[in-house]
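**Q** This is a predicted model, with the sequence first.
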Amino acid sequence: MKKDLLKMADLTKDELFDLIELAEKLKYEKKHGIAHKILKGKTLGMIFEKSSTRTRVSFEAGIYQLGGLGLFLSSKDTQLGRGEPIRDTARVLSRYVDGIMIRTFGQEIVEELAEFSSVPVINALTDYAHPCQVLADLLTIKEHKGSFEGRKMCYIGDGNNMANSLIVGGLLSGMDVAIATPVDYRPHPEVLKFAESYGNKFTLTDNIFEAAEDADAIFTDVWSSMGMESEIEKRKNVFSGYQINAELMKKARKDAMVQHCLPAHRGEEITDEVFEAHAAEIFDEAENRLHAQKAVMATLMSR
């Protein structure tokens with residue numbers, strides 16, 4: 001039976017750790033020139049309804065390194081952009097390719113695509129979830145900190161797709177998770193219900209200093225994501241106090257790492273000073289999109 005990755009909650013703890021372990025292995029092999037043509041002859045259909053740099057390049061390079069081929073499919077150039085039902089696109093593409101990756105707006109689009117597809121579907125970003133990014137984030141934390149148990153992850157900013165996925169991924173991995181957002185910009189209720197079962201391992205607050213206390217890894221994201229262009233000025237006012245800066249970093253552990261899914265708006269959600277001080281970790285995180293996504297493709301598409 002085929003398996004999809006539509007959100008972090010689709011994974012069990014064991015599956016999560018298996019993906020991270022495989023990503024580590026594939027990264028090692030890539031660095032040492034060891035070929036891993038796990039998906040030789042396989043084809044990945046890559047649907048983009050949102051523009052991208054890291055997602056497109058990392059998936060396209062990743063499927064190539066695994067021995068397969070990636071087909072870039074813009075909504076402007078396909079029948080999706082002309083109103084073809086997503087279920088019809090799913091049933092057609094399933095007969096041509098061995099896996100489908102999609103970067104789009106609504107989570108319901110990904111869910112319907114998976115329902116009517118006979119090949120694995122990978123969520124490369126929706127407004128609700130960003131599982132591939134969080135797999136890369138967790139891989140980066142493991143590389144820099146060695147383990148998850150006894151660690152604390154903190155996220156500051158909008159309760160968006162990154163917040164939703166970090167909550168689930170962080171708790172699944174065994175970390176404590178603290179989220180600081182304005183009251184009217186909380187993470188999705190479904191995710192908060194998931195977090196309730198973890199008791200005091202999860203903290204939700206509007207106080208960024210409380211959230212950052214003794215954190216091992218501090219995350220943030222832009223205040224206005226794609227599709228929110230009309231809210232930019234309003235959001236700048238709402239989120240003006242939700243910034244990772246030198247004062248906030250004093251609350252975290254001395255060796256705390258900083259993560260940002262990029263692109264960053266320096267001077268808004270993070271200062272230039274903090275960004276540059278943690279640039280090595282942030283760009284390790286960006287690179288790890290490649291390795292984490294290769295692990296996802298290798299796992300789902302080699303079945």
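**A** Thanks, I have it.

**Q** Mind pulling up the pLDDT for P189?
**A** If you check P189, the pLDDT there is 98.

**Q** That one - how many residues pack around it?
**A** 8 (other CB atoms under 10 Å). Yep, even glycine has a C-beta here, placed from its N, CA and C like the rest.

**Q** same question, D272
**A** D272 has 11 nearby residues by other CB under 10 Å.

**Q** Find the nearest non-adjacent residue to it, please.
**A** R266 (4.5 Å; CB to CB, 6 or more residues apart in numbering).

**Q** so the one you found makes contact with F275?
**A** Yes: contact criterion CB atoms under 8 Å: R266 and F275 qualify, at 5.7 Å.

**Q** Walking through the stretch 201-303 of the chain, point out its strands one by one.
**A** Counting by DSSP state E, counting those that start in this stretch, residue ranges of the strands within the stretch 201-303 of the chain are 202-205, 217-220, 257-260.

**Q** CA atoms only for the second one, dumped as CSV, please.
**A** Taking only C-alpha atoms (Å, rounded to 0.1, in the frame of the first residue of the first chain), the coordinates of strand 217-220 have been written out as CSV:
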residue,chain,number,x,y,z
ALA,A,217,17.3,25.8,19.3
ILE,A,218,15.3,28.9,18.4
PHE,A,219,13.3,29.1,15.2
THR,A,220,11.5,31.9,13.4
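
**Q** any idea how far it is from the chain center?
**A** Put simply, strand 217-220 sits 13 Å off its chain's centre (CA atoms, centre = their mean, to the nearest Å).

**Q** So what are the sheet partners of it and their directions?
**A** strand 152-156 (parallel), strand 257-260 (parallel) (DSSP bridges).

**Q** Just tell me which of the ones you listed ends up closest to V183.
**A** strand 152-156 (14.3 Å; CB to CB).

**Q** which parts of the closest one are buried?
**A** K152, M153, C154, Y155, I156 (16 or more other CB atoms under 10 Å).

**Q** re the thing from before, using a markdown table, lay out the strands paired with strand 217-220 together with distance to D284 and mean pLDDT.
**A** Converted to a markdown table, these look like this (distance: least, CB to CB, whole Å; pLDDT from 0 to 100):
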| stretch | distance to D284 | mean pLDDT |
| --- | --- | --- |
| strand 152-156 | 16 | 98 |
| strand 257-260 | 9 | 98 |
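
**Q** From S75, how far off is the residue sitting furthest away from the middle of the chain?
**A** Each residue of the chain has a distance to the centre, and by CA atoms, centre = their mean the biggest one is for R82: 28.7 Å. Using CB to CB, to the nearest Å, we find R82 at a distance of 9 Å from S75.

**Q** Then S117?
**A** S117 sits 17 Å away from S75, taking CB to CB as the criterion.

**Q** got it, and G241?
**A** Distance from G241 to S75, by CB to CB: 37 Å.

**Q** Please identify the buried residues of the lengthiest helix in the chain?
**A** The longest helix of the chain (DSSP state H) is helix 279-301. Residues 281-282, 284-301 are the ones in helix 279-301 that count as buried (16+ other CB under 10 Å).

**Q** just to revisit the earlier point, pLDDT at the residue nearest to D272, what is it?
**A** What the model reports as pLDDT for R266 is 97.

**Q** Make TSV out of the strands paired with strand 217-220 and add distance to V168.
**A** Listed next are the strands paired with strand 217-220 as TSV, based on distance: least, CB to CB, whole Å:
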stretch	distance to V168
strand 152-156	11
strand 257-260	16
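
**Q** of those, which approaches A35 most closely?
**A** Across these, closest to A35 is strand 257-260 (CB to CB), at 30.2 Å.

**Q** Need the nearest residue in space to K7, chain neighbours excluded.
**A** Counting by CB to CB, 6+ apart, the residue nearest K7 is A129, at 4.1 Å.
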